[in-house]
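# I'll drop the sequence and a predicted model, then ask my questions.
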Amino acid sequence: SKPKEASQASASQLTVGITNPPLMFNPIDSDGSGSSGAVFTYRYFFDSLVKTVGPLEYKMMLAESFKTSDNQTFSIAIHPKANWTDGKPVTAQDVEFTLNLIASPKTVTTQRSAIFALAGLNEKGMLPEGETKLSSVKVVDDKHLEIKTSKPVDPNLIYERFSDVLIVPKHILENVDPAQLNQQSFWRNPNVTSGAYKFVKYENKSYVELAANESYYRGAPKIQKVFIKIMPAANIVAQLQSGELDMNAAQGTGNIPASEWKTVKTFPNLRTEEQPTRRYNSVEINTERFPDKRVRQALAYAIDRKMIVDQLMPSAGELQNGPYSNSHPYHDKNVKSYGYEPEKAKQLLKEAGFDMNKTIELIVPTGDKTREMAGNIIQQNFQAIGLKVKQVNFDFPTTVSRLVKGDFDLALSSFGSIMDPDGPANVYRSTAALNDMRFKNKRVDELFNLGMNETDKEKRFTIYSELQNMIQEEVPLITIFSEYNLMAVAKSVDGKGGVMDGMHYDVNGWTRK
Amino acid sequence: MLTTKIDETPGLKPLLQLEGIKKYYPIKKGVFSRTVGHIKAVDGIDLDVYPGETVGLVGESGCGKSTLGRSILKLEDLTEGSVMFQGRNLAQLTQSQMRSMRSDLQMIFQDPYSSLNPRKRIVELLTEPLKVLSGLNDAEAVKRASELMEIVGLSPQSLGKYPHEFSGGQRQRIGIARAVGLRPRLIVCDEPVSALDVSIQAQILNLLKELQRSFRLTYLFIGHGLGSVKYMSDRIAVMYLGKIVELAPTKRLFAMPRHPYTNALLEAYPVPNPRLRYADRTVLTGDVPSPASPPAGCRFHTRCKVAQSICREREPMLTGGEHLVACHFPLAEETPQSMGGTACG
Amino acid sequence: MVNYIVRRIMIAIPVLLGVTFLNFILINLAPGDPVDMYVNPDVSEADKQVRREALGLNDPFMIRYVKWLANLVQGDLGHSFSSFQPVVQLIGERLMPTLILMGCAIAFGYLISIPIGIYCAVKANSKFDYFMSAGSFLGVSIPSFFLGLGLIYVFGVMVGILPTGGMNTVGGDGGFWDQALHLVLPTVTLGTSIAGGMVRYVRSSVLEVLNQDYLRTARAKGIREFFVVNKHALKNALIPVITIAGLDIPILIGGAVITESIFQWNGMGQLTIQAILSRDFPLLMGVNMLAALTVLAANLWSDVMYAVVDPRIKYS
Amino acid sequence: MSMDLQKEMTAPEVIPALLSPKGEVFESDSYAKMVASRFLKHKMAVAGLVSFVVLVLTGIFAPLIAPYDPNAIGGAFSAAPSAQHWLGTDQVGRDVLSRLIYATRVSLSVGVLAVAIYVIVGTIIGAVAGYLGGWVDMVINRVIDVVMSFPTLMVILVLVTVLGTGLSNIIIVLALLGWPPVARLVRGSVLSLRQTEFVKAGVALGLSTPRLIFGHILPNAMGPILVNATFGAAAAILSESSLSFLGMGVQPPTASWGNMLGAAQSITALTSQPWLWIPPGLVIIISVLSINFIGDGIRDAMDPKKLNV
Amino acid sequence: MNHLLEVRHLKTSYRTEQGEVTPVDDVSFTLKEGETLCIVGESGCGKSVTSLSILRLLGRNGYMNNGSIVFQGKDLASLSDRELNAYRGKDIAMVFQDPMSSLNPVYTIGNQLTEPIRLHLRLGRKEAWNHAVRLLKEVGFPRAEGVMDQYPHTLSGGMKQRVMIAMALACNPKLLVADEPTTALDVTIQAQILDLMKKIRSEHGTAIMLITHDLGVVAEMADRVMVMYAGQVVEEAEVQELFDRPMHPYTAGLMQSIPHIEIEDEELQSIPGAVPSLRDMPQGCRYQARCPLAAERCMEAPPLKETGKGHMVRCWFAEEASA
Ligand SMILES: Nc1ncnc2c1ncn2[C@@H]1O[C@H](COP(=O)(O)OP(=O)(O)OP(=O)(O)O)[C@@H](O)[C@H]1O
Ligand SMILES: Nc1ncnc2c1ncn2[C@@H]1O[C@H](COP(=O)(O)OP(=O)(O)OP(=O)(O)O)[C@@H](O)[C@H]1O
Ligand SMILES: [Mg+2]
Ligand SMILES: [Mg+2]
């Protein structure tokens, strides 16, 4: 006799497992919301204007059309049938409100970079002091508006960025002090939404219940209810097997650990899929402490990356070379790859006259079992070429504080990138926020600027190709592997699996046998 | 051997002078340990003890005998009053002076079972104070310890044993050896035999007497076995609820007790002679009042047959010459009491 | 008794104050910055500054503490840095589930350990005693993440008769039985470790009491052995057991992190660990203060229970 | 006065042969010897001792016994037991048996040293509080309250930053968190022992306070302390593994029983890779059991009540 | 002669860690209705074990090795624990040495006192309560109702011992076994308790087996006296006879070592040596090591034999000792 939950799983409901508990459902501040778990969830009920559904592939959502003729002025038409769940229409004013909210210097937000291209922002990406409205956003009528960027850009970049701008209801939030935005109870009970599903409740912080939005402008969902359950990864495996879960959310939010993947693939009730991601794990090198390129290269040659990928994540990940993941549209297939060449590594160290007696600290953040184990292997690899490497595990905040302060030798960490090739700029640019490595290279900075100002796709490709080879040669960080999104979906469910990109686009079309 | 008639030996200075000794134990309650009252364990005692004599101290359980004994040794901090020993006020001594004074002032404890640390061998128990107080080295201390063992009638071979390997009487001998080892002048014996077998009691009492003779010891002998106190003492003080109610030379006290309580004590004492069974003795009724709230006036009036109204109001003073008594209506001196008065076969 | 309790509470205030101050220092000493750790690649330094300002992190250390204290006096523990909800509310939501789980786990632990402990003592040095001793050590030494996972696999997946986690059925009406069913596995997991230690304590405590004279008195009255043990011995034996229980409670309230996370039981443990991992200062202060309160309350509770079980102890 | 008394005291003849130079060996065994012989009669305790000694020796001679380098990555990952790897390999291809053997060092030193330190510290503090009483006691009690109400995890985190990681620091952390209950316990025992006659006798004999506390009171309070310590050892071995969760445990790749067990926390390991968790689990239980039996044995052997039988 | 209690060849042993010990070895005695038998002897000689054997209250590791205990014609030794419970507290009641530890500290006096009443007399709650109050009045508590609700620790030693006696008397026992009921008490309180026992004896005709090592108490209470030494009866006689003519050297030594208050100062005589340990009992006479009369013959165990009218002695030289 199966548990009640499984037997009750009728055609009209879907249960998804995630690991990160949402704290609230505020698309303006995803960090305050507790990141990925919340993003995964609020995507069900807040829609964006456009949606990225695949590499350089975008579909309209709230926007019926989103066009530009000069790569600078974009006219947007809101879907005529798009309404809030309280019956009020979704309007151009809502979009304007959302953009201004993000732009306000008082708002605590993670989304500012999504609108960075708009004209009228200061160098911090905020509305200048004294202004209340973005001049670059012009409402034409209730369903039409125009936005303007400060200079011409690749429209894909705007589409991708605007995929992350979820439109929030002006009539609910207009009187809110932007500084107090996070404290609104609305984010805990978002009852005026525009997405395919309506928020019902967040029960005991253990699951979120969603119900179909019958008047959804792109067609009412076929599955009546969605439950998003929060649990540790090991339980996701158990519940997938027992049938309590229909699918996992994959990608960070609800990953199945690589070590369990083989087991999960044997469950007869599931169909599984691996999907490449734009997220990769790497060894960050503090370039101030390892200023010699040869030493950094030696470190890269010393790591048996193939073994890590083949043994630690069989069919659950792939080798990663350079700052663009294999699945990234701008990835250069011929980018330099550091093979496992310990002898060469030793040679390089010798050439560089590296002090082999120096104890090197390798920081490994805890929380991701696969990464911790990779850390063990990497430490052994370094040890094998005669380096004295001490592995230290820290919890995530501690790791971050060490990285931010630059107080580290080597550290394992992971980076993701948006589809646009400018993404890695926030890691490799000399002034980048995430440039923990203290990597400073004029040419790299230059190339980022060039690429940013170029709108021609072919030309951009050449620029970014040079860029990634340059970075790969300099090795400010050693890219190791990129884990796949591991998705398991009950065979009875007919719909695209658990990736965050695109998954929410067609949830209204999902069915269940 | 010095005997009684202390008062007739003028010029002899007391070895120990107790003046107005009071010891109140606070009754503490709660975490604040606030004092909500006092147990008046000893409530104003004056007593002189002269070199070489034995003063007996009797009274029922809980009347404060042990507390008095401990107070003399500064094992308890006095609430009031002073202890003068060899003419020096013990309260004014520093810690180290007091520690050296302890070699002249010793105690034998009531319970031979609990007064020896079960985890130490006899040799350690005996030599430790010798080393600390007399500054002997190991070998000297061990030598002295084995002498002591012989003195108290034990074989020095058993120095390596643990207390539990000895019988109660033997342990009490060890306790005595330990006290005597420091060559004290005064020993407070706190019921040294009441925990022991009848057949052993006599051994210990005889030993104490013998030691007194050989070392010119002075004893304050606490006990509630009237027989042993009588056997040991030159003078006897009778205590009731923290006070001395009668103090007299032994013979006089037994021959003609003057305080009604002393009288009751003597009567209640079962005489080991079936011929002397009381047909109808006066058994005290009522229970001992609590020392936390002793009755006003004479403390004994709640149980006293001859109590009058004045007894409830005024506290009697300890008066008299050689035979002191604290009673408003002391029993007539000429009527000899007790001793098989109304015996029946 | 009431007086006593009031006084105990009074004395707890300075202790609590000390604890909060030390906590504040500790929390601020801990590595990791609540803002820096938001490494969302898109968040710029300027945005971090906005967030710092909004969270009040730009004030000097002492000012922040004094502000915190001032709010505390008004019953306000501040807002969480990560969910922006009032800390009081966050704790309030988690307290009940924790109390339910703790209550059940303690009840389960004691219900099995007390009879076993008594029987072990009565049959001291028998086969049963040795067997149970070994069992109790097993209970003490099996990590709860392991026991929990094992139970989930056996009862949730293989046999499939119990839910593997959560506090009630997803989408269910959350009725009593539903919740009770969800409680079974976490209760057993947590209860096992409680029971393991308890058996030993009960055993030794009963063993001690069994040698007391008053049990011989009871037997001399002709009372059946069963009642001699379970009436006369037990109540006395419980006195030391209460102390241990008093020590158990705060540990459980603050520390069932692992059990809670395995079974998705959203109680204080989960909240605490989240607060730590996100360096959510106000929430941490709140959680820690609750922990301190429970320690003090548990001390008081065991003292009061002492007086209830043992008439010799009287507080006034 | 005492001089002439001395003369009066007639020294009986002592047979010097009876006494060793130091006056230590008499006809009876020493306390330690007696405790030892009583301990050896305790069957379970001896069994515990034997297995504990085996574990300790395993730890000491780990390099000689272990077939592989415990951190070396070789062969297949998560491989089942085979002729080369008797207990299989772990998730990154290290020999489980070798890791288990080396882990003995870490886990036992945590279990034994941490507990030893906090028991000693707690004992001293508790003894001082209990013996001196008064304001000292009051202050110590409040400190204990404060320490006990500290958030364990926070303390650990801060200590990591202050001390850095490493085996010795884990031991320090566990010790810092472990002493208050011991102090409470000891304080209680001392409070009652202080009232005993033999302590009063010690005062009467002029012994100094430290001598009384450490020479006379504490040896008699060992029973409950030992019980606490044996339970504590088990707890310490287990907590070490939860510390690594916060990056405070022994640092990888060093193995400890706890982190070996923790690494096996997955459905796959549970159902199809038992060699990853059965060996460390079993060893933890064996060591906990043996420490407890040893503790029981010592307590019984030292119990003065039982000495009388 | 109709005996109420007849103990024959009682031998009781304890299993201990160091092997078996036998603290009571071949003890026989009888008790008539209304009679008071005192058992004396020094600590550890087996007095308590003898009394505990009667109701089989020896604890976990003690057991009766041999002998019979016939009470009103029934051998108690052959009864099961269940059957024996019917006697315990009803026909045979016990009062123990230490009143401080013999009452359960966590139950009220009323609770503990009504227990045997409800159990054996099958009275209801109310009647049992009233009965208990009557008993307390009988043992000298004027304010009996108040005492019922008190906890033991609020009573003094003497009061507790009187409660114990009330409890023993609850079901009008035929036999009261009192094991050193006054040892822990003051002489003035002891006198109260002894008077109380005398009163019970005369009013209810209860037989009393009184264990003590205080010869004064014996002199006061006993009809007959039994002297024990090292687990054996060494002498038994009428009280007057025993005090007048102690025949065993141990009894004689005991008499002489008591400090008297009724007789004038004299040198105390003591018995040298100590009681042999249970673990190495000497061969033959157990007293020989301390006996002034010990001779070759004492290596052989002397039997307990009758020397005069009801006077039994276990000594080869009984006549000489009494001389
Ligand atoms: N440490 C203490 N704290 C509180 N009260 C105490 C303490 N020691 C003794 N008392 C109380 O003081 C009173 C006198 O006690 P003490 O021991 O001096 O009596 P005693 O005459 O020696 O009795 P006994 O004959 O039983 O030895 C008693 O009521 C006792 O309860
Ligand atoms: N439970 C027991 N286990 C082992 N030995 C025991 C036990 N109870 C009593 N004994 C031993 O039996 C012997 C006789 O004990 P018993 O209690 O009968 O002596 P007693 O004559 O009553 O002495 P006292 O006058 O001290 O009460 C003692 O040596 C004692 O050690
Ligand atoms: Mg006393
Ligand atoms: Mg006895």
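Sure thing, it's come through. Ligands and ions are numbered 1, 2, ... in the order given.
# contacts only, for residue A:25.
A:33, A:38, A:41, A:42, A:45, A:46, A:187, A:188, A:190, A:199 (Cβ atoms under 8 Å, 6 or more residues apart in numbering or on different chains). To be clear about C-beta, it is placed using only N, CA and C from the backbone, and glycine gets the same treatment.
# which pair of those residues spans the longest distance?
A:46 and A:188 (14.1 Å; Cβ to Cβ).
# from the contact counts, what lies against the helix or strand encompassing residue D:243?
Element membership for residue D:243 (DSSP states H and E) is helix D:222-245. Applying 3 or more Cβ pairs under 8 Å, 6 or more residues apart in numbering or on different chains; DSSP states H and E, one finds that helix D:222-245 contacts helix C:127-141, helix C:176-210, helix D:96-109, helix D:115-132, helix D:167-193, helix D:257-263, helix D:278-302.
# whatever helix or strand comes next after the second one versus helix C:176-210: what angle between them?
In this case it means helix C:176-210. With elements assigned by DSSP H and E, the helix or strand that comes after helix C:176-210 is helix C:213-220. Orientation of helix C:213-220 against helix C:176-210 (axes from the mean of the first three to the mean of the last three Cα atoms, to 10 degrees) gives an angle of 100 degrees.
# partner residues bridging residue E:74?
Bridge pairing for residue E:74 (DSSP bridges) gives the partners residue E:71.
# since we're on it, how many residues are nearby?
If you count neighbours by other Cβ atoms under 10 Å in any protein chain shown, residue E:74 ends up with 13.
# next one: it from chain D, what distance?
Remark: distance between residue E:74 and chain D (Cβ to the nearest Cβ, to the nearest Å) = 35 Å.
# what's whichever strand in chain B runs longest packed up against?
In chain B, assigned by DSSP state E, the strand with the most residues is strand B:34-49. Here strand B:34-49 touches strand B:16-29, helix B:65-72, strand B:80-85, strand B:243-249, going by 3+ Cβ pairs under 8 Å, 6+ apart.
# got the angle between it and strand B:243-249?
10 degrees.
# pull the distance from strand B:34-49 to the chain's centre.
16 Å (Cα atoms, centre = their mean, to the nearest Å).
# what's the first helix or strand after it?
Sequence order places strand B:54-58 as the next helix or strand after strand B:34-49, per DSSP H and E.
# buried residues, that next one. List them.
B:54, B:55, B:56, B:57, B:58 (16 or more other Cβ atoms under 10 Å in any protein chain shown).
# what pairs with the longest strand of chain B, parallel or antiparallel?
strand B:16-29 (antiparallel).
# skip the chain neighbours and tell me the closest residue to residue C:91.
residue C:286 (5.6 Å; Cβ to Cβ, 6 or more residues apart in numbering or on different chains).
# ignore what I typed, I meant residue B:317.
Nearest non-adjacent residue to residue B:317 (Cβ to Cβ, 6+ apart): residue B:326, at 6.1 Å.
# contacting residues around the one you found?
Contact analysis of residue B:326 by Cβ under 8 Å, 6+ apart lists B:243, B:244, B:245, B:246, B:259, B:298, B:316, B:317, B:318, B:319.
# look up how far chain A lies from it.
With Cβ to the nearest Cβ as the criterion, residue B:326 and chain A are 78 Å apart.
# residue B:155: how many residues sit nearby?
Residue B:155: 12 neighbours (other Cβ under 10 Å).
# got a list of what the nearest residue in space to it that is not next to it in sequence touches?
Once flanking residues are discounted, residue B:155 sits nearest to residue B:149: 6.7 Å by Cβ to Cβ, 6+ apart. Contacts of residue B:149 were listed using Cβ under 8 Å, 6+ apart, and they are B:122, B:126, B:155, B:156, B:158, B:159, B:177.
# helix/strand/coil for the closest residue to ligand 1 within the stretch 401-513 of chain A?
Residue of the stretch 401-513 of chain A nearest ligand 1, by Cβ to the nearest ligand atom: residue A:401 (56.6 Å). The assignment at residue A:401 comes out as helix when based on DSSP: H, G, I helix; E, B strand; the rest coil.
# and if you look at residue A:148?
Secondary structure, three-state DSSP: residue A:148 is strand.
# and the closest residue to chain A within the stretch 201-323 of chain E, how many neighbours?
Closest contact between the stretch 201-323 of chain E and chain A, by Cβ to the nearest Cβ, is at residue E:279 (61.2 Å). Residue E:279 has 11 neighbours, counted by other Cβ under 10 Å.
# do the one 5 residues further on as well
In terms of burial, residue E:284 registers 16 neighbours under the definition other Cβ under 10 Å.
# what's the answer for the one 3 residues further on, then?
Taking other Cβ under 10 Å as the neighbour definition, residue E:287 ends up with a count of 26.
# on that earlier part again, which one of the buried residues of strand B:54-58 sits closest to ligand 2?
Nearest member of the buried residues of strand B:54-58 to ligand 2, counting by Cβ to the nearest ligand atom, is residue B:58, at 23.3 Å.
# near chain C, which residues of the stretch 101-250 of chain A are found?
Applying Cβ under 8 Å from any Cβ of the partner chain, we find that the stretch 101-250 of chain A lies next to chain C at A:105-114, A:124-126, A:179, A:182-183, A:187-188, A:203-207, A:209, A:225, A:227, A:229-232, A:234-235, A:238-239, A:241-242, A:244.
# any idea how far apart the tips of stretch B:148-160 sit?
14 Å (Cα to Cα, to the nearest Å).
# what mean pLDDT does that stretch get?
Rounded to a whole number, the mean pLDDT of stretch B:148-160 is 84.
# so residue D:264 touches residue D:271, yeah?
No - assessed by Cβ atoms under 8 Å, residue D:264 is found out of contact with residue D:271, at 11.2 Å.
# neighbour-wise, which of these two wins?
Neighbour count, other Cβ under 10 Å: between residue D:264 and residue D:271, residue D:264 has more, with 27 against 16.
# any idea of the pLDDT on that one?
pLDDT, read off for residue D:264, is 80.
# just residue C:8 next, same as before
Among the per-residue scores, residue C:8 holds a pLDDT of 77.
# go ahead and confirm it touches residue C:300.
Yes - counting by Cβ under 8 Å, residue C:8 does reach residue C:300; the two are 5.1 Å apart.
# one step back: can you tell me which of the residues of the stretch 101-250 of chain A next to chain C are buried?
A:105-114, A:125-126, A:182-183, A:187-188, A:203-207, A:209, A:225, A:227, A:229-232, A:234-235, A:238-239, A:241-242, A:244.
# in strands, which of those residues appear?
A:203, A:207, A:209, A:225, A:227, A:229, A:230.
# any chance of these in a markdown table with distance to residue D:59 and pLDDT as columns?
What follows is those, written out as a markdown table (distance: Cβ to Cβ, whole Å; pLDDT from 0 to 100):
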| residue | distance to residue D:59 | pLDDT |
| --- | --- | --- |
| A:203 | 49 | 81 |
| A:207 | 47 | 88 |
| A:209 | 53 | 92 |
| A:225 | 56 | 91 |
| A:227 | 50 | 92 |
| A:229 | 44 | 90 |
| A:230 | 41 | 88 |
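# what's the farthest-apart pair in these?
For those, the farthest-apart pair by Cβ to Cβ is A:225 and A:230; their separation is 16.7 Å.
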